[in-house]
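Engineer: quick one: sequence and predicted model below, then my questions.
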Amino acid sequence: MPRPEAVGFDAWKRYCGKWRREYETVYPRANNATSQNFPLLRYSDVLLMFAEADNAVNHGPTQEAYNAINLVRRRAFGLLDANGKTDLTQPESCDLSGLNETSFQEEIMNERSRELCFEALRKQDLIRWGKLVENMKNIENLIDMEYSGQFFVLAFRNVSQRHLLFPIPAREMILNKKLTQNPQW
């Protein structure tokens, strides 16, 4: 992936190859819908959740946490040989080891962003890690540098501390008078 300062860096305008229309098997293809399944929970997500929780509980990664994240990495990092074929004779070449709690958590954050991209999980991950507002403002600054005044920067500009919690529905507030609305809602 090119550096953000590279000319023509349009990461936020690219299309995801994960949901390509050529993988659809139903014809004719509908314009507004697809028969392609959307994953609700994947085994990779479970493995990464386990590794993250194990790292937090034990204040550092255990061998089980390494095994979990390395299973995900081995599947995703299939190394290519000179003929362009996947070479899995040395899957351990992409394995992680010898990390402390903080660096292991950083690797989990990076792995979740790569492995689970476009599966509607990133916002909740960023909220859990306390990085939502910071990351959205950083992306806003990148877009402003490249495309100042564009409408799509509003999605990043409008994020605030308010978006860390959902509002309690009005119906629930009416039914239970002891409830108080979440801050800033």
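Structural biologist: Right, received. Where do you want to start? Values in this document were obtained by computation on a predicted structure and should not be read as measured data.
Engineer: any figure for the gap between the closest residue in space to residue 100 that isn't next to it in sequence and residue 104?
Structural biologist: Using CB to CB, 6 or more residues apart in numbering and skipping residues adjacent in sequence, the residue nearest residue 100 is residue 60, 6.1 Å away. Where C-beta positions appear, they are placed from N, C-alpha and C, glycine not excepted. Computed as CB to CB, to the nearest Å, the residue 60 to residue 104 distance reads 7 Å.
Engineer: so which of the two has more stuff around it?
Structural biologist: For residue 60 versus residue 104, the count of surrounding residues by other CB atoms under 10 Å is larger for residue 104: 23 against 16.
Engineer: what is the distance between the helix or strand hosting that one and the centre of its chain?
Structural biologist: Using DSSP states H and E, residue 104 falls within helix 101-115. How far helix 101-115 lies from its chain's middle: 10 Å, per CA atoms, centre = their mean, to the nearest Å.
Engineer: got it, and stretch 155-173?
Structural biologist: Mean-position distance between stretch 155-173 and its chain equals 20 Å (CA atoms, centre = their mean).
Engineer: got the contact list for that stretch?
Structural biologist: 127, 132-133, 136-137, 139-140, 143, 179, 181-185 (CB atoms under 8 Å, 6 or more residues apart in numbering).
Engineer: redo these as CSV? Include pLDDT.
Structural biologist: Listed next are the contacts of stretch 155-173 as CSV, based on pLDDT from 0 to 100:
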residue, pLDDT
127, 95
132, 95
133, 95
136, 92
137, 92
139, 87
140, 88
143, 82
179, 94
181, 94
182, 93
183, 89
184, 89
185, 88
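Engineer: quick one on the thing from earlier: quick check, the residue nearest to residue 100 in contact with residue 105.
Structural biologist: No - the criterion here is CB atoms under 8 Å, and residue 60 misses it with residue 105 at 9.9 Å.
Engineer: fine by me, we can end here.
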